[in-house]
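Trainee: would you be able to build a 3D model of this:
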Amino acid sequence: DGVGGTHQLLDVDSAQTLTNKTLACAVLTTPQVGGIAPVSLTAGTLTLSPALHDGKYVSVNILSGAAITLPPATGSGATYKIIVGTSLTSGSLSVAVANAADYFRGQAYTFVTTTASTFGTANTGTVSTESDTCTMNHTTTGLGTIGDFIELVDMAAHVWGIEADYASSTPAATPFSAAV
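Mentor: Prediction:
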């Protein structure tokens, strides 16, 4: 009918010759994997929001690092993945909770030459001393090289699940701190 329908142009099960035919397709200007377009961070700061960033990954493409702030943890199940798209040459990449009542639960994995290390978040039971910031400082707490990443899940009111995987220099140190 030519209006809003699907039409089979080719039969893939048999050979066909196309004479004087033009095949056209849409131009892909922003390719997406799994239907999710990445968010490219090129500024020094970003505050994540569920409406704009939930379920997406943020590719950090700034040589001098960035400071990323999470929305308040409510238990929504929102997920964020922050991945280094351009290696840091200076500065640091930090991810922090939105307020002093929120904190992290999880771990960070790093690899230095032939040694792997794992660092857990503080589990003190006192909100003011819980881990609420994760920082790749361009040396011992994360080099910020292409492919390093931090994944976050809004698990419960005031609780962010976190997993970080990155390369670091010797001696490897925890990227977690209570800074908010």
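
Trainee: tell me which residues in stretch 48-68 are buried?
Mentor: 48, 53, 57-62, 65-68 (16 or more other C-beta atoms under 10 Å). Heads up, the C-betas are built off the backbone N, CA and C, glycines and all.

Trainee: just the ones in strands from these, please.
Mentor: 57-60, 65-68 (DSSP state E).

Trainee: need the worst-confidence member of these.
Mentor: Of all those, Tyr57 has the smallest pLDDT value, namely 90.

Trainee: what secondary structure does Thr89 sit in?
Mentor: Using DSSP: H, G, I helix; E, B strand; the rest coil, the structure places Thr89 in coil.

Trainee: count the residues that sit near it.
Mentor: 11 (other C-beta atoms under 10 Å).

Trainee: centre of the chain versus the worst-scoring helix or strand of the chain on mean pLDDT, how much separation?
Mentor: Every helix and strand of the chain was ranked by mean pLDDT, DSSP states H and E. The lowest is strand 115-120, at a mean of 86. Taking C-alpha atoms, centre = their mean, to the nearest Å, the mean C-alpha location of strand 115-120 is offset from the chain mean by 20 Å.

Trainee: strands paired with that strand, and their directions?
Mentor: Applying DSSP bridges to the sheet, strand 115-120 is found paired with strand 103-112 (antiparallel).

Trainee: average model confidence for the strand it pairs with?
Mentor: 91.

Trainee: which of the residues in that strand are buried?
Mentor: Using 16+ other C-beta under 10 Å as the burial criterion, the residues of strand 103-112 that qualify are 103-108, 110.

Trainee: closest to Ala178 among those residues?
Mentor: Relative to Ala178, the closest of these is Tyr103; by C-beta to C-beta it sits at 8.0 Å.

Trainee: mind listing the strands for this protein?
Mentor: 39-41, 45-47, 57-60, 65-69, 79-84, 92-96, 103-112, 115-120, 133-136, 149-156, 159-167, 176-177.

Trainee: so which elements touch the shortest one?
Mentor: When you say that, I think you mean strand 176-177. Using 3 or more C-beta pairs under 8 Å, 6 or more residues apart in numbering; DSSP states H and E, the elements in contact with strand 176-177 are strand 133-136.

Trainee: which strands or helices does the strand it packs on pack on?
Mentor: Using 3+ C-beta pairs under 8 Å, 6+ apart, strand 133-136 is in contact with strand 92-96, strand 159-167, strand 176-177.
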